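Visitor: generate a structure from the sequence data that follows.
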Amino acid sequence: MRITSKGQVTIPQALRERCGLLPHTQVEFVEENGRVVLQPASTTPSRGAAAVERLKRARLRTSLSTDELLALTRGEEP
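Guide: Numbering: from 1, shown residues only. Prediction:
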């Protein structure tokens with residue numbers, strides 16, 4: 001197999017299937033002992049996913065009830 005002028009190669013389908021390299025899979029190239037190894041990229045959560053995880057771990061910092069909080073958002077007195 002040849003590398004194109006753009007640095008592209010085609011990974012044989014059987015190898016992609018065995019290794020779970022599906023379309024849109026992020027991969028990275030690593031050099032190990034003079035060899036180039038292709039592997040799935042280490043996953044880093046997206047900004048949105050990271051924000052959701054932070055919210056899941058958040059602690060409630062108020063003693064107001066849900067009704068009192070809703071009243072505040074409506075401009076009403078709690």
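
Visitor: what segments of this protein are strands?
Guide: 27-32, 35-40 (DSSP state E).

Visitor: tell me the angle the last one makes with strand 27-32.
Guide: Yep, that's strand 35-40 we're talking about. 150 degrees (axes from the mean of the first three to the mean of the last three C-alpha atoms, to 10 degrees).

Visitor: what comes into contact with strand 35-40?
Guide: For strand 35-40, the surrounding residues in contact (C-beta atoms under 8 Å, 6 or more residues apart in numbering) are 11, 20-21, 25-31. For every residue, glycine as well, the C-beta is placed using N, CA and C.

Visitor: dump the strands of the chain to a markdown table, plus distance to Leu15, mean neighbour count and mean pLDDT.
Guide: Shown next, in a markdown table, are the strands of the chain (distance: least, C-beta to C-beta, whole Å; neighbours: other C-beta atoms under 10 Å; pLDDT from 0 to 100):
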| stretch | distance to Leu15 | mean neighbour count | mean pLDDT |
| --- | --- | --- | --- |
| strand 27-32 | 13 | 9 | 92 |
| strand 35-40 | 10 | 10 | 91 |
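
Visitor: please consider this matter closed, and thank you.
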